[in-house]
Structures are given as C-alpha cells and as structure tokens.
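Colleague: here is my input, please return the structure:
(chains A, B, C and D)
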Number of protein chains: 2
Amino acid sequence: METRWLDEGELAAWTAFLEASHRVFRAVEQQLKQDAGLSHPQYEILVKLAVAGGAGLRMTELAESLITSKSGLTYQVGQLEKRGLVTRDACLSDDRGVSAHLTEAGAVALREAAPGHVARVREALIDVLDRDRLAVLADALTEVAARLRDTGT
Amino acid sequence: METRWLDEGELAAWTAFLEASHRVFRAVEQQLKQDAGLSHPQYEILVKLAVAGGAGLRMTELAESLITSKSGLTYQVGQLEKRGLVTRDACLSDDRGVSAHLTEAGAVALREAAPGHVARVREALIDVLDRDRLAVLADALTEVAARLRDTGT
DNA sequence: AAGCAGTTGTTCAAATTCGAATGACTGGGT
DNA sequence: ACCCAGTCATTCGAATTTGAACAACTGCTT
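Modeller: Residues are numbered from 1 along each chain as shown, chains lettered A, B, ... in the order given. Prediction:
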C-alpha cells in the first residue's frame, strides 16, 4: 500500500503535539519534584486514590487508569507505602487482589501538593488557551484517547 | 494566594491531554519497537539528522530539539552508533563539540521505518480528527510549546 | 469436584532516564 | 599572555520503567 505522508498541516499538528507533550510533562514533573517531592506518577496515584475514597482501588484498576505497566505501578505504590502515604491491603472478595488506600498522611500530602500543581498546569497549558480552543482541544483529545482505549492500546 | 481550581471543562481538557499523550506515545513506541526495532527517541534522532543533511547536528542542538537531557542523548546516540546508524565526529570549529551524522545504513533504516510509523501516527491521532479540529489543535499546541520553550522549560 | 484457561500482583534482569560532577575547551576582559 | 565564567559532551550512580516469568487464585466447564 502506498504511504500517505503527512501534509504540511498534519506534520505541524504532530510536531506540536510531540513538543507540547514533552514540555508540559517536563514542567509539571519539575514542579512536583521540587515543591512536593513527588513524581507525577506518584501524584496521580494519590489523586486516583483520593477520588476512590475509602473503598480504595485495585492495583489493576489503578494501573489502567494511569496507563502504566503493572510492574511499574507495583514499584511506585511501594515507594509511596514506604513514605506512609498509601496502604496496601488484601482484597476481601478476591484473594489474588490487593487494594490500595490513601492514608491520612497521604491525604495531607495531596492537599499540600495540589495548589502548586494546579498552578503549574494552568501556567503550562490551561491558561495559555482561550475558552474556545480549550474546548476543542478537550473534545479532540478525548476522542483520541477513547479510540486508543478501545483498541486496547 | 487563593488557588484557582480547575472547573469542569478545564479538568476535562487536562485529563484528556494526559490520557491522549500517554496512549499516543505508547502506541507509537510499540509500533516502532515491533516493526523497526527502534525506540521513539531513536527514531526522532534519525529524523532530525536526516533533515539536517550532510552537515549533521551538534549534540546540544539535538538534545534541545528532542527535549531530552544531554546525558540521555549521549546514551541514545551511543546505541545508534553501535548499530552503525549514526556517526559521531569531532567538530572542526569547536574542539569541545561533537556533531552527529546519519550513515547510509541509518538512512536506509529510516526509510524502512517511516511508512509504518506514519501509518500509526495517522491511526492514533491525525486521522481521528477532521481538518478544522486538527488545525485548532496544531495552533493551540504550537503556542503551548512556544511558551514553555521561551520560559526555558 | 477436578481440571483448566484466564486473571492478579509481584519479582527479576535489562534498558533507559535523569542530575550532579567532571574534564576539556571557548571567548572576552584585564 | 592570562584568567575566569560559561559552554560542551561524557561519565557516573541512583531512580525508574518495561516485559517476561512466576506463583497464587478465580470461576467456568465438564
């Protein structure tokens, strides 16, 4: 099959996507590490667990929602557990399972980290765009994510 | 200062950005590794060097355009050099400098890898969006990238 | 109730990433 | 000519990531 190369506009879109993603992640990562001593994956784990509430979350659910490998998650949760921000408990309904919970210290750490993180997210992405472009961006990327999610990617 | 939390739309945009980025990178990474035996960073190095042509590129220039650390680049270029896809030569005008060049084998590897890569990029991002949304996306992310570039991030 | 394919989470080794430290060199000012 | 702050690329160790292999368990089927 003949390759359909990217035209000028398409290439610009791809390039911008690459550069923006890298730079935004870098900016966020740096802020969190510096001000809260957390990596972005770690911060995301805390957020997901906070949202989940008392019930906690299974490791697999957590790994899927973070789009990371299971082994990577095991490692990161281990790190957070060492610091006392997270607990791992056996699952009642499924002996194979493990569910992670936010500790009180974890909730505190999240509360303290959140304002600086949100500020950086605004600075790097949200506040750069006007309402309309942001809406289109959200819509477009939601669809992109959804497609890949369904593909099993 | 009082924190300006993200409203519903803003949060949706940030979430979509996170998920889409992760999934797109993952998809691209997987395709390249599987079909061409290259990591995405490695592929990008080959592309930049191909564009640069005979003159090659300084390590620092390369690192900046790839948005990676210099030490990370040294490692990856080392890997490519081992495989004979890239050469490192002393810089004539600056004895500290090193410039990287694409070898004939590197050019071949790139030619062979490109079609599959482009196809995956289309599938994951470009072809998911209509012309208008793609244009807005490109425009928006170009600005996001530019801001962070200027900030030194 | 026994088998079995599939799921769950961890462990392991290998690959990659980063930042700090290093050694070499540049360029301009004195 | 000499110094000195700054740049260049690499090296090093530590942290992180990944996939494959593994052991334990589920729940369906027979």
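
Colleague: is the longest helix seen in chain A up against DNA strand D anywhere?
Modeller: If you go by DSSP state H, chain A has its longest helix at helix A:8-36. No. No part of helix A:8-36 sits near DNA strand D under the criterion CB under 7 Å from any atom of the strand; the closest distance found is 8.4 Å. C-betas here are computed from N, CA, C, even on glycine.

Colleague: which ones are touching the residue nearest the centre of chain A?
Modeller: When chain A is reduced to its mean C-alpha position, the closest residue under CA atoms, centre = their mean turns out to be A:E44, at 4.7 Å. Residues counted as contacts of A:E44 (CB atoms under 8 Å, 6 or more residues apart in numbering or on different chains) are A:L66.

Colleague: secondary structure element for it, which one?
Modeller: Secondary-structure assignment from DSSP states H and E places A:E44 in helix A:40-52.

Colleague: would that helix count as contacting DNA strand D?
Modeller: Yes. Contact check for helix A:40-52 against DNA strand D, using CB under 7 Å from any atom of the strand: residues in range are A:P41.

Colleague: may I have that helix exported as PDB, CA atoms only?
Modeller: Presented in PDB, the C-alpha positions along helix A:40-52 are these (Å, rounded to 0.1, in the frame of the first residue of the first chain):
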ATOM      1  CA  HIS A  40       4.000  13.000  38.500                       C
ATOM      2  CA  PRO A  41       3.000   9.300  38.500                       C
ATOM      3  CA  GLN A  42       3.100   9.300  42.300                       C
ATOM      4  CA  TYR A  43       0.900  12.400  42.400                       C
ATOM      5  CA  GLU A  44      -1.600  10.800  40.000                       C
ATOM      6  CA  ILE A  45      -1.800   7.700  42.200                       C
ATOM      7  CA  LEU A  46      -2.700   9.900  45.200                       C
ATOM      8  CA  VAL A  47      -5.300  11.700  43.200                       C
ATOM      9  CA  LYS A  48      -6.900   8.500  42.000                       C
ATOM     10  CA  LEU A  49      -7.000   7.100  45.500                       C
ATOM     11  CA  ALA A  50      -8.400  10.200  46.900                       C
ATOM     12  CA  VAL A  51     -11.200  10.200  44.400                       C
ATOM     13  CA  ALA A  52     -11.800   6.500  45.100                       C
END
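
Colleague: how far does that helix sit from its chain's centre?
Modeller: Here helix A:40-52 is found 8 Å from its chain centre; the criterion is CA atoms, centre = their mean, to the nearest Å.

Colleague: on that earlier part again, could you give the mean pLDDT of the longest helix of chain A?
Modeller: Within the predicted structure, the mean pLDDT of helix A:8-36 is 96.

Colleague: from the chain's centre, how far out does it sit?
Modeller: Using CA atoms, centre = their mean, the distance from the centre of helix A:8-36 to the centre of the chain it belongs to is 14 Å.

Colleague: over to stretch A:89-105?
Modeller: Going by CA atoms, centre = their mean, the spacing between the C-alpha centre of stretch A:89-105 and its chain's C-alpha centre is 21 Å.

Colleague: go through the longest helix of chain A and flag the buried ones.
Modeller: Neighbour-count burial for helix A:8-36, with 16 or more other CB atoms under 10 Å in any protein chain shown as criterion, is recorded at A:10, A:12-14, A:16-29, A:31-32, A:36.

Colleague: near DNA strand C at all, it?
Modeller: Yes. Contact of helix A:8-36 with DNA strand C is found when judged by CB under 7 Å from any atom of the strand, involving A:Q30.
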